[in-house]
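> Give me a 3D structure for the following:
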Amino acid sequence: MIQHQIKRIRQSTLARNSFWMFAGQGLSFVIQALYFIFLARLLNPTQYGVLAGAVALVTVVSQYSTMGSGLILIRYVSQDHERFPEYWGNVLMSTVVYGSLIVLALHFTGHWLIGAESASLLTLIAFSDCICGQLTTCAAQAFQSFEHMRPTATLNMLVNLFRLVLVCSMLFVMHHAVAMQWAVAMLVVSICASSAAVTIVTRRFGWPRFQPRLLLARGVEGFIFAISGSTTSAYNDFDKVMLGHYGMTVANGIYSMAYRVINIATMPIQSIEAAAFPRFFREGAKGVAAVQPLAVKILKRTVLLGLAAAIGAFLFAPVIPVLIGKGFKPSVSALRWLCLIPVFRSFHLCAGDAIAGVGQQKFRLGCQLFAAGFNIALNVYLIPRYSWWGAAISSLLTDGSLAILTWSVLFWLRRRERVAALTTQLA
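All right, here's what the predicted structure looks like:
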């Protein structure tokens, strides 16, 4: 019986893909944990807060630098592999054109949006993330579209490994650094990583084919994906932008460190979602009746991981100041406030992927726009009054409401499909 189960797991594409994504994410978990420990030791809480504010603002808008072309590639290439050259060309064109516009926009408007110290880093961080970082992400998505999760996980892991080597080198040589020095070093690493990633994908799957008409033809669909990604970044990162805007750099450093731990703890959940993402589109072609059971199947796995992450974060939160310094001691309380977020994410990630898989991205976007607006309103009211405590409350309420909303929409779509099928039969 056990041998039969092992054999079935080995034969399952989803299980293999999840394993590679989980293995890659597991190594990334260790690498990112070490990276943030050493980065916190390299930068004091104030400088970490300055960096966090700039990174948060760039993250909110960085999705527009590809205009959803990476997800467009997954959707169409996962259905027809012969179309890879034209969609890979679309990725490269989108990133260069739109990414450059985003970098310029942040360069000239950043000082109005965020504190002066964080604004001084924006151009460097924007180039690193909006162009170099997005190219690396899209390269991983190219492998994902072929369901080659091993190189997908490897690419994601290598970026984190480069960052770890960089921060260790700076800590060994300099002992302490300011946020500007780290931003310059990150730019160099990002350029190297993106160049390697693009070269690997091109050698593996072929040269890109540039078709400007495709940039226009898929523009609206890509824009919807971009808005969806940016709304996710908005409700995840707007609180850090607000803390930076009000000059609460120490509070931003404390809260951002705790939130980083939550993001790392969510990585196993995201690895399963990433492995299943192309399958949502294939099953989605058959309708909601086919994709909803897949969402439930994925949820049964991810919710257990979310609960384990929540319990672990609450119990082991006191380890933070031991590892990264006494200056981050308030992060213990912040992490305990945020510990339920992995559970909420396990719900809304799989439901959202299912909604997108049946071609109803507009409904997922509607859910995310609501979450973003709700989060912004809460942050505007709570952060000036309660600092990072207000940001934590806002994050919990946002992720919790999004989990309820996305599953409600998925059940509604299933009910609508049943009614339509019954109407057709009666007619």
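
> Please, where are all the helices along the stretch 251-400 of the chain?
Using DSSP state H, counting those that start in this stretch, the helices of the stretch 251-400 of the chain run over residues 267-284, 288-316, 319-324, 331-338, 341-357, 361-386, 388-426.

> Any stretches of the protein with poor pLDDT?
Where the chain drops to pLDDT under 70, the residues are 1-29, 147, 149, 151-153, 156, 229, 427.

> All the helices of the stretch 51-200 of the chain, residue numbers only.
Under DSSP H, counting those that start in this stretch, the stretch 51-200 of the chain gives helices at 69-77, 84-113, 116-119, 122-126, 134-145, 149-174, 179-205.

> Now render the helices of the stretch 251-400 of the chain as JSON lines, adding distance to S62.
Where C-beta positions appear, they are placed from N, C-alpha and C, glycine not excepted. Listed next are those as JSON lines, based on distance: least, Cβ to Cβ, whole Å:
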{"stretch": "helix 267-284", "distance to S62": "17"}
{"stretch": "helix 288-316", "distance to S62": "25"}
{"stretch": "helix 319-324", "distance to S62": "26"}
{"stretch": "helix 331-338", "distance to S62": "22"}
{"stretch": "helix 341-357", "distance to S62": "19"}
{"stretch": "helix 361-386", "distance to S62": "15"}
{"stretch": "helix 388-426", "distance to S62": "20"}
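
> Which of the ones you listed sits closest to A177?
A177 lies closest to helix 319-324 among the helices of the stretch 251-400 of the chain, at 14.8 Å (Cβ to Cβ).

> Determine the set of other helices and strands touching the closest one.
helix 13-42, helix 249-265, helix 331-338 (3 or more Cβ pairs under 8 Å, 6 or more residues apart in numbering; DSSP states H and E).

> which residues are contacting that helix?
Helix 319-324 is contacted from outside by 36-37, 40-41, 257-258, 261, 327-329, 331-332, 335, using Cβ atoms under 8 Å, 6 or more residues apart in numbering.

> List the buried residues of that helix.
I320, P321, I324 (16 or more other Cβ atoms under 10 Å).

> so I298 touches A274, yeah?
No. Assessed by Cβ atoms under 8 Å, I298 is found out of contact with A274, at 11.0 Å.

> quick one: the closest residue to I200 other than its chain neighbours from N263, how far?
Leaving aside its chain neighbours, I200 sits nearest to A139 (6.8 Å; criterion: Cβ to Cβ, 6 or more residues apart in numbering). For A139, the distance to N263 equals 21 Å [Cβ to Cβ, to the nearest Å].

> Equivalent analysis for A313, please.
For A313, the distance to N263 - Cβ to Cβ - is 11 Å.

> out of those two, which sits in the more crowded spot?
Neighbour tally, A313 and N263, criterion other Cβ atoms under 10 Å: the higher count belongs to A313, 21 against 16.

> re the thing from before, just name the most buried of the helices of the stretch 251-400 of the chain.
Stretch with highest mean neighbour count among those: helix 341-357 (a mean of 26; mean count of other Cβ atoms under 10 Å).

> elements contacting that one?
If you count contacts as 3+ Cβ pairs under 8 Å, 6+ apart, helix 341-357 packs onto helix 249-265, helix 267-284, helix 288-316, helix 361-386, helix 388-426.

> List the buried residues for the shortest one?
Of the residues in helix 249-265, those buried by neighbour count under the rule 16+ other Cβ under 10 Å are 249-265.

> Tell me the one of the contacts of helix 319-324 nearest A309?
The shortest approach to A309 among these belongs to V261, at 9.6 Å (Cβ to Cβ).

> With the flanking residues excluded, which residue is spatially nearest to that closest one?
That would be L335: by Cβ to Cβ, 6+ apart, it lies 5.6 Å from V261.

> Skip ahead from the host helix or strand of L214 and say which helix or strand is next.
Element membership of L214 [criterion: DSSP states H and E] is helix 212-217. Elements were assigned by DSSP H and E; along the chain past helix 212-217, the next helix or strand is helix 219-245.

> follow-up on the earlier one: CA atoms only for the helix holding L214, dumped as PDB, please.
What follows is helix 212-217 as a C-alpha-only set of coordinates in PDB (Å, rounded to 0.1, in the frame of the first residue of the first chain):
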ATOM      1  CA  PRO A 212       5.200  44.800 -31.900                       C
ATOM      2  CA  ARG A 213       1.600  44.000 -32.800                       C
ATOM      3  CA  LEU A 214       1.500  41.300 -30.100                       C
ATOM      4  CA  LEU A 215       2.500  44.000 -27.600                       C
ATOM      5  CA  LEU A 216      -0.700  45.800 -28.500                       C
ATOM      6  CA  ALA A 217      -2.900  42.700 -29.000                       C
END
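
> thinking in terms of the whole chain, how far from its middle is stretch 370-377?
18 Å (Cα atoms, centre = their mean, to the nearest Å).

> What lies in contact with that stretch?
Residues outside stretch 370-377 that contact it (Cβ under 8 Å, 6+ apart) are 231, 234-235, 238-239, 394-395, 397-399, 401-402, 405.

> pull the CA atoms of that stretch into CSV?
Extracted in CSV, the C-alpha atoms of stretch 370-377 (Å, rounded to 0.1, in the frame of the first residue of the first chain):
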residue,chain,number,x,y,z
PHE,A,370,-11.2,45.9,-3.0
ALA,A,371,-8.5,44.5,-0.8
ALA,A,372,-6.1,47.2,-1.9
GLY,A,373,-8.6,50.0,-1.4
PHE,A,374,-9.6,48.6,2.0
ASN,A,375,-5.9,48.3,3.0
ILE,A,376,-5.1,51.8,2.0
ALA,A,377,-8.0,53.3,3.8
